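Peer 1: What follows is a protein structure lacking sequence information:
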């Protein structure tokens, strides 16, 4: 089966799909991943095909509009800012997505491209399935994950979930209409809200559009009020080549002392990288811990911090995290998963969007002492959390047991089985 995996966003929105693509290729499918051109090397390493999409997500986040995300203090405010950016950019991605869809038998769509991908699949008569990294469908169990997951009560949670989903659909509305008219040659009114008003063979897909969620039911149990067709199947781990190794300078640092703490904010940016870096260094020193600080898109560094701290660029989390005493991170879906897989305690420092949701999950699972949001971060608060995470055996033990449960799951196998049913 010719499978197209379509996703957009930052590195954390791409990396899990490299593992999914590799696994599906191993199962005998011909897989092509469509995502931003800057992630080409990440995708090509899996052996899957690659369809580059325009837009450089890092450049967008570092632009004036991207930096404006830091001006908003609320989840809804940040989402509005992001929606404005996305509405202007999504149209550029439609032509290559349509071109790939014409050569595919099925489209697997991340949440970041789902409304447009569904419209393209419907217009071409190509079946589609969602492959989501976050729970996005309305539920009484928790508030919208992209707003941090704060509960508004059962009724409020569902209403907020519907409102967020409607807002996301609206982001794509203009592009869906122009794609239907200009790229698919469909008459006006055929497409509506990303779904085809079509009496053909996709009736079942319209009624219960299938979505596989790439996280563990141990971490986020499937809400009881979700409709049929929404499955929680287990994580898709980023693909690392068999010969992947940590750089020699990292191995040397690890061998020179006790397990350090990893500190990274992934693809998140910060208003003042130097001030944030200094804060992190002071916290590690106050807690008496060695540290591996990932530069990331925030531009963190440990300059003049002495031999107890090391700055790194991109390194395989699957190789590095198990050798840490704890992991301090921004709680993106992918980094959260990597930390859980490694079986080490966490110190959540959520920055925006779904970070607050995953931070709450880590604390409730007992693998993190508390969350310290970036806007509330001080060296003292971080040092206190680090001390608790690294010196209380309970966090490490719960993290180890949870990692054992995750290793028994097969998220990619579940998607492969769902593909067979879809085909």
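Peer 2: Perfect, I can see it now. Just so it is clear, the structure is predicted and the values come from calculations on it, not from any experiment.

Peer 1: Pairing partners for the longest strand along the chain, with directions?
Peer 2: The single longest strand within the chain, with elements called by DSSP state E, is strand 30-36. If you go by DSSP bridges, strand 30-36 pairs up with strand 2-6 (parallel), strand 49-53 (parallel).

Peer 1: Looks like residue 387 contacts residue 287 (just checking).
Peer 2: Yes. Taking C-beta atoms under 8 Å as the definition, residue 387 is a contact partner of residue 287 at 5.1 Å. In this view, the C-beta of every residue, glycine as well, is placed from N, C-alpha and C.

Peer 1: that older thread, how about the strands paired with strand 30-36, which one is nearest residue 296?
Peer 2: Nearest to residue 296, of all the strands paired with strand 30-36, is strand 49-53, at 21.9 Å by C-beta to C-beta.

Peer 1: what residues does the closest one touch?
Peer 2: 4, 8, 30-37, 40, 43-44, 92-93, 96-97, 99-100 (C-beta atoms under 8 Å, 6 or more residues apart in numbering).

Peer 1: and if you look at stretch 391-398?
Peer 2: 326, 344, 345, 365, 366, 367, 368, 369, 388, 389.

Peer 1: Strands along this structure, start to end?
Peer 2: Under DSSP E, the chain gives strands at 2-6, 30-36, 49-53, 106-109, 128-132, 191-192, 195-196, 211-213, 230-232, 261-263, 291-294, 309-312, 326-329, 346-348.

Peer 1: Distance check, residue 260 against residue 309.
Peer 2: Per C-beta to C-beta, to the nearest Å, residue 260 is found 8 Å from residue 309.

Peer 1: just to revisit the earlier point, looking at the strands paired with strand 30-36, which is nearest to residue 128?
Peer 2: strand 2-6 (9.2 Å).

Peer 1: buried stuff in that closest one?
Peer 2: Using 16 or more other C-beta atoms under 10 Å as the test for burial, strand 2-6 gives 3, 4, 5, 6.

Peer 1: can I get those residues in a markdown table with distance to residue 218?
Peer 2: What follows is those, written out as a markdown table (distance: C-beta to C-beta, whole Å):
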| residue | distance to residue 218 |
| --- | --- |
| 3 | 27 |
| 4 | 30 |
| 5 | 25 |
| 6 | 28 |
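
Peer 1: Low-confidence regions, the stretch 51-200 of the chain specifically.
Peer 2: Within the stretch 51-200 of the chain, the stretches with pLDDT under 70 are 60-87, 187-200.

Peer 1: who wins for proximity to residue 242 among the strands of the chain?
Peer 2: So among the strands of the chain, strand 30-36 is nearest, using C-beta to C-beta, at 18.4 Å.

Peer 1: Rounded mean pLDDT for the closest one, please.
Peer 2: Mean pLDDT, strand 30-36: 97.

Peer 1: buried set for that strand?
Peer 2: 31, 32, 33, 34, 35, 36.

Peer 1: ok, the second one to residue 234 distance?
Peer 2: For residue 32, the distance to residue 234 equals 23 Å [C-beta to C-beta].

Peer 1: Understood, closing this out.
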